[in-house]
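Enquirer: structure of the sequence below:
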Amino acid sequence: MKTSLVFALSSAALLVSGVSERAARASLLPYCEPVESRDSDPREMSPLCPDVLERTPSWKKPSVNAPPLAVADAIRAAHAEVRRASPEVEEWELLEVGLHSTRVEHKWYYTVRWRPTQWRTQEDQRTRTIVVLMDGRAV
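Expert: You can find the predicted model right below:
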C-alpha cells in the first residue's frame, strides 16, 4: 500500500537506510514529501518539494472540476519514464493509477504503477511506480 511520509530527514539518516543520494539531497529541502510505494525496492522515493509543486497547475474544487492533467496523459508520461528508466524490459503492464493530494494547497500528483509484461526470473517480477506531476512531468 502506498504511503506518503511528510518530514525532512538528514541525508545521513537516509543514506544509512539505503535511500538513493538523489532522495537524500532532496530531503534537505523544507517539507519535502518522500513518496514511497509498493515497488520491489522500497528505498526508491520521489521527493515532492514545495518549490517543485508550486510550479505545477493547481486543482481547485476536485469535486467539481477535472484534474489539470488527464489520466491518459499521466499514463503516457509514466510509460515513457518507465521505459527510459528500465530499457532492458521490452513491455510494461499497467497495474494501477493513483491520485494524491499534498501538503501544498491545491497541488496533486498521480502515481502510476507498472510491472514487466513477461518475466523470466523472480527478480523480473518487480513493479515500478512513477510519480507524474500535474504539469505532465514524470519524476
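Enquirer: wait, doesn't residue 133 sit right on residue 139?
Expert: Yes. Here residue 133 reaches residue 139: they are 6.4 Å apart, a contact under CB atoms under 8 Å. Every residue, glycine included, has its C-beta placed from N, CA and C.
Enquirer: intersection of neighbour lists for these two?
Expert: 48, 52 (CB atoms under 8 Å, 6 or more residues apart in numbering).
Enquirer: more neighbours: these two, which one.
Expert: residue 133 (23 against 15; other CB atoms under 10 Å).
Enquirer: grab the nearest non-local neighbour of that one.
Expert: Leaving out its chain neighbours, the residue that sits closest to residue 133 by CB to CB, 6 or more residues apart in numbering is residue 56, at 4.7 Å.
Enquirer: checking that neighbour next. Helix, strand or coil?
Expert: Recorded secondary structure, residue 56: coil (DSSP: H, G, I helix; E, B strand; the rest coil).
Enquirer: likewise for residue 82?
Expert: Using three-state DSSP, the secondary structure recorded for residue 82 is helix.
Enquirer: and it, how far from residue 127?
Expert: As judged by CB to CB, to the nearest Å, residue 82 and residue 127 stand 10 Å apart.
Enquirer: and what of residue 133?
Expert: From residue 133 to residue 127 the distance is 20 Å (CB to CB).
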